[in-house]
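In: curious how this folds, go ahead:
(one chain, ligands or ions: 1)
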Amino acid sequence: MTYFAFMTPTTWGIIGPGKIANKFAIALGMVEGASLGAIASRDAARGREFASRHGVAAVYDDYALLAADPGIDAIYVATPHGFHAEHGILCLRKGKAVLCEKPLALNAREVEEMIAAAREHHAFLMEAMWTRFVPLMRSIMELVASGRIGVVKYIRADFGFLAAFEPNGRLFNIRLGGGSLLDIGIYPLFLCVQLLGEPLTITAAGRLSPTGSDETCHAILGFAGGANAVVSSTLACQTSLSAEIAGTEGIIWVGTPWYKNDRYEWNRTGEPAQVVQVEPLVNGFEYQIREVMECRSKGLIESPSLPHSFSLMMARTMDTIREQLGVKYLADIL
Ligand SMILES: NC(=O)c1ccc[n+]([C@@H]2O[C@H](COP(=O)([O-])OP(=O)(O)OC[C@H]3O[C@@H](n4cnc5c(N)ncnc54)[C@H](OP(=O)(O)O)[C@@H]3O)[C@@H](O)[C@H]2O)c1
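Out: Model (predicted):
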């Protein structure tokens, strides 16, 4: 399927040319009508190096200059979580479409401020929750909606890896929004909330690192209709990276790594398992880029598939989980 017919050509800019920005820049090359017009780094040399690697003409050493560039239509914000709200709002105020890395912001209050800026300046805003748009997720959502596994009653998903403790690195530094929940626990949480809606009850426990960020987080969520979910994230060990979605009439199994797999199994209770193979992922980010461009073509300020209300619901849920874990960011006390 070609998306080109539905999409306005879009010149992108990137704020924060770090690890994930590199992957995003490669993905842009896979999307018809997308081009990378400029990048901004606080460090001019780092900016130039990134720009030459990706063939970008314009390099700014000030994020505000990129936000003000009239040649740029959309900006990907790829700075640490602690700056998403500030950098996202900077771009929205200049009328740019913003695709902001996950989590959209540190807490629900910041997410509300970003949404308010998008509305005020009629600028598109979406959280870069790329897993919402990959073929695996679309296929699982269709299967669940079809009722073939009955009514979903239980979801379990995890995301864990061993990260060396670096108090100043973005995974642990509380000022940068460190912690397992916001960095990787957000993926299993997304799966549950996407399929079951906002949790009515939340019981969380975990372990904090010496910086006060959550090294490990486990949460049991209760949903309307009596469904439950168990989500786990940790920076202390590699976990199975698997997910299961159990319904009253069957179950879905996604093996490692569940969030970017191109196959899963499911069966109706008592019947043999069926394997579903979906389109293999090349980069993974190309789907969310197409979503932004399609929404721009329609003049929307939010994606119908990943609306502002969804990101706000995720932020509210993570606020409650963090409160129970005892993780506090500066943004929580402002
Ligand atoms: N979607 C995914 O699969 C995925 C995967 C990994 C990370 N992420 C998200 O992407 C964001 C960035 O992660 P990353 O791994 O790319 O981080 P990174 O490699 O550390 O890059 C972050 C960039 O942000 C800029 N920055 C601005 N202020 C900063 C500060 N005070 N401290 C450190 N960097 C600062 C830096 O660029 P300059 O100094 O050059 O301006 C830096 O290159 C995070 O929010 C994370 O959740 C998403």
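
In: per-residue confidence averaged over the longest helix seen in the chain?
Out: Ranked by residue count and defined by DSSP state H, the top helix of the chain is helix 308-325. Mean pLDDT, computed over helix 308-325, is 98.

In: any part of it near the ligand?
Out: No. Counting by CB under 6 Å from any ligand atom, the ligand has no neighbours in helix 308-325; the shortest distance is 12.5 Å. Every residue, glycine included, has its C-beta placed from N, CA and C.

In: counting neighbours, what do you get for Thr211?
Out: Thr211: 21 surrounding residues under other CB atoms under 10 Å.

In: now do the longest helix of the chain: distance to the chain's middle.
Out: Here helix 308-325 is found 13 Å from its chain centre; the criterion is CA atoms, centre = their mean, to the nearest Å.

In: alpha carbons only: can I get that helix in PDB?
Out: What follows is helix 308-325, C-alpha atoms only, in PDB (Å, rounded to 0.1, in the frame of the first residue of the first chain):
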ATOM      1  CA  HIS A 308      -3.900  13.700  23.100                       C
ATOM      2  CA  SER A 309      -6.400  12.200  25.600                       C
ATOM      3  CA  PHE A 310      -4.500   8.900  25.300                       C
ATOM      4  CA  SER A 311      -1.200  10.400  26.200                       C
ATOM      5  CA  LEU A 312      -2.800  12.200  29.100                       C
ATOM      6  CA  MET A 313      -4.300   9.000  30.300                       C
ATOM      7  CA  MET A 314      -0.900   7.300  30.200                       C
ATOM      8  CA  ALA A 315       0.700  10.200  32.000                       C
ATOM      9  CA  ARG A 316      -2.000  10.100  34.800                       C
ATOM     10  CA  THR A 317      -1.500   6.400  35.200                       C
ATOM     11  CA  MET A 318       2.300   6.800  35.400                       C
ATOM     12  CA  ASP A 319       1.900   9.600  37.900                       C
ATOM     13  CA  THR A 320      -0.100   7.300  40.200                       C
ATOM     14  CA  ILE A 321       2.400   4.400  39.800                       C
ATOM     15  CA  ARG A 322       5.300   6.800  40.600                       C
ATOM     16  CA  GLU A 323       3.500   8.200  43.600                       C
ATOM     17  CA  GLN A 324       3.200   4.700  45.000                       C
ATOM     18  CA  LEU A 325       6.900   3.900  44.200                       C
END
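
In: that helix: which residues count as buried?
Out: 308, 310-322, 325 (16 or more other CB atoms under 10 Å).

In: same check on stretch 127-144?
Out: The neighbour-count check on stretch 127-144 (16+ other CB under 10 Å) flags 127-137, 139-140, 143-144 as buried.

In: please list which of those residues are also close to the ligand.
Out: Counting by CB under 6 Å from any ligand atom, the members of those near the ligand are Ala128, Trp130.

In: looking at the buried residues of stretch 127-144, which are in strands?
Out: Glu127 (DSSP state E).

In: contact residues of the stretch 151-300 of the chain facing the ligand?
Out: Within the stretch 151-300 of the chain, the positions adjacent to the ligand are Arg170, Leu176, Asp183 by CB under 6 Å from any ligand atom.

In: redo that, cut-off 8 Å
Out: Gly169, Arg170, Arg175, Leu176, Gly177, Leu182, Asp183, Ile186, Gly284, Phe285 (CB under 8 Å from any ligand atom).

In: show me the residues you listed that map onto helices.
Out: Judged by DSSP H, helices contain the following of those: Ile186.

In: now for the residues of the stretch 151-300 of the chain next to the ligand: which two are most distant?
Out: Within those, two members stand farthest from each other by CB to CB: Arg175 and Gly284, at 28.8 Å.

In: could I get the full set of helices for the stretch 201-334 of the chain?
Out: Ranges of helices within the stretch 201-334 of the chain are 286-297, 308-325, based on DSSP state H, counting those that start in this stretch.

In: which ones are touching whatever residue of the chain ends up closest to the ligand?
Out: Per CB to the nearest ligand atom, Gly18 is where the chain lies closest to the ligand, at 1.9 Å. Neighbour list for Gly18: Ala78, Thr79 [criterion: CB atoms under 8 Å, 6 or more residues apart in numbering].

In: in the chain, where is pLDDT below threshold?
Out: 1-6 (pLDDT under 70).

In: now with 80, please.
Out: Low-confidence segments of the chain (pLDDT under 80): 1-6, 334.

In: the spatially most central residue of it and Ala116: what is the separation?
Out: Central residue of the chain (CA atoms, centre = their mean): Met129, 2.6 Å from the mean position. Distance from Met129 to Ala116, counting by CB to CB, to the nearest Å: 20 Å.

In: hey, what's Gly160 bridged with?
Out: Thr234 (DSSP bridges).

In: ugh, wrong one, I meant His218
Out: Beta-bridge partners, per DSSP bridges, of His218: Ala205, Ser232.

In: burial of it, as a residue count?
Out: 20.

In: and it, what does it touch?
Out: Taking CB under 8 Å, 6+ apart as the test, what His218 contacts is Ala204, Ala205, Gly206, Val230, Val231, Ser232.
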